[in-house]
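Enquirer: what follows is a predicted protein model with its sequence.
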Amino acid sequence: MNYSLRQLRIFIAVAQQQSFSRAGELIGLSQSAVSHAVKELEQTLSLRLIDRTTREVVLTLAGKQLAARMALLIEDMDSLINDLHHYGGQHTGTVRVAASQTISAQLMPNCLAVCQRDYPEIRLHLHDSVQQSVVQAVRQEEVDFGIVIELPNSSDFDTQTILHDPFLLLCRDDDPLAYQQTVSWSEIARRQCVLQDYASGSRVLIDAIFRQYGEMPEVVQQVGHPSTLFTMVDAGIGISILPALALPLPRESQLVVRKVIPEKGRLLTLIRRRNRSLTPAAQRVWQLIAQQAEQLAHGRNIPAV
């Protein structure tokens, strides 16, 4: 049955106004357009809804039944649409975000503070974990979205890259490499290194860079938390590679960082389950984190995406 919501609305207006001309004035149509729409509806339903005379508009029994029930249905539908429209503009509710450790420590504190200040009705909960756990939490929808280091296979997710984070050399200030303004990957590969383990998304990227240049360093220690790199290198166990986002260096340490050439880095990426819509509050937080990442890049002179 090929009737339209427009036809039903026009018929309800005629029924309520008991006049084609007044209904037309109310909804912004000519009298002839109103009459034509009602006739089309009657033809579609194979029912006479209105008995027309020169003086008045009289609803038939079928017209009265349709007008009584349809007016309520249209009112309910309009109310629902208004509620949904209002919901779409709201920034309220709980948003859960998972992020790996360096990101949680360096990017997220300011995001949490800005969210609390600008969107007090949003409750933002941060889940701090290693990258593998972050990816799993997003995949199982335990969180609204996550922030990770670029994924080799992101077919399960919708993604947005928010920050290019270059890798830097970390060494003691009395190390020979500390006296150079820049250091090559080949120079690093000839040294003993302390690196993060494979729970970190950075380690896979660092290994791939060394393989690209045909040399692999001797990894004397692998650690889980980025801050452990500082104490290991400060103790003279080896040199290391860390992302710029892991700065600043600990106070009262003998550590320095140097640029590595050619510059290589990691891409920080927002991920969410593919084909899953975010709530308005979660979408607002997603945008907020992307904006804060851009500001962080400018503040630290990190190349922006």
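Expert: That came in fine, so what should we check first?
Enquirer: counting neighbours, what do you get for the closest residue to residue 122 other than its chain neighbours?
Expert: Leaving out its chain neighbours, the residue that sits closest to residue 122 by CB to CB, 6 or more residues apart in numbering is residue 281, at 4.9 Å. From N, CA and C alone the C-beta is placed, and that goes for glycine too. Counted by other CB atoms under 10 Å, the residues lying close to residue 281 total 21.
Enquirer: from what I see, residue 281 and residue 92 are in contact.
Expert: Yes. Taking contacts as CB atoms under 8 Å, residue 281 lies within contact range of residue 92: 5.9 Å.
Enquirer: identify the contacts common to these two.
Expert: By CB atoms under 8 Å, 6 or more residues apart in numbering, residue 281 and residue 92 have these common neighbours: residue 122.
Enquirer: run through the chain and note the low-pLDDT ranges.
Expert: Across the chain, the ranges flagged by pLDDT under 70 are 1, 54, 82-91, 299-305.
Enquirer: how about the helices in it?
Expert: For the chain, applying DSSP state H gives helices covering 5-17, 20-27, 31-45, 61-88, 101-106, 108-118, 131-139, 185-189, 201-212, 226-234, 280-299.
Enquirer: list the helices and strands the fourth one packs on?
Expert: I take that to be helix 61-88. With contacts defined as 3 or more CB pairs under 8 Å, 6 or more residues apart in numbering; DSSP states H and E, helix 61-88 has these neighbours: helix 5-17.
Enquirer: returning to that earlier point: can you redo the helices of the chain as JSON lines with distance to residue 154?
Expert: Compiled in JSON lines, the helices of the chain are given as follows (distance: least, CB to CB, whole Å):
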{"stretch": "helix 5-17", "distance to residue 154": "41"}
{"stretch": "helix 20-27", "distance to residue 154": "49"}
{"stretch": "helix 31-45", "distance to residue 154": "49"}
{"stretch": "helix 61-88", "distance to residue 154": "27"}
{"stretch": "helix 101-106", "distance to residue 154": "17"}
{"stretch": "helix 108-118", "distance to residue 154": "21"}
{"stretch": "helix 131-139", "distance to residue 154": "10"}
{"stretch": "helix 185-189", "distance to residue 154": "26"}
{"stretch": "helix 201-212", "distance to residue 154": "12"}
{"stretch": "helix 226-234", "distance to residue 154": "23"}
{"stretch": "helix 280-299", "distance to residue 154": "16"}
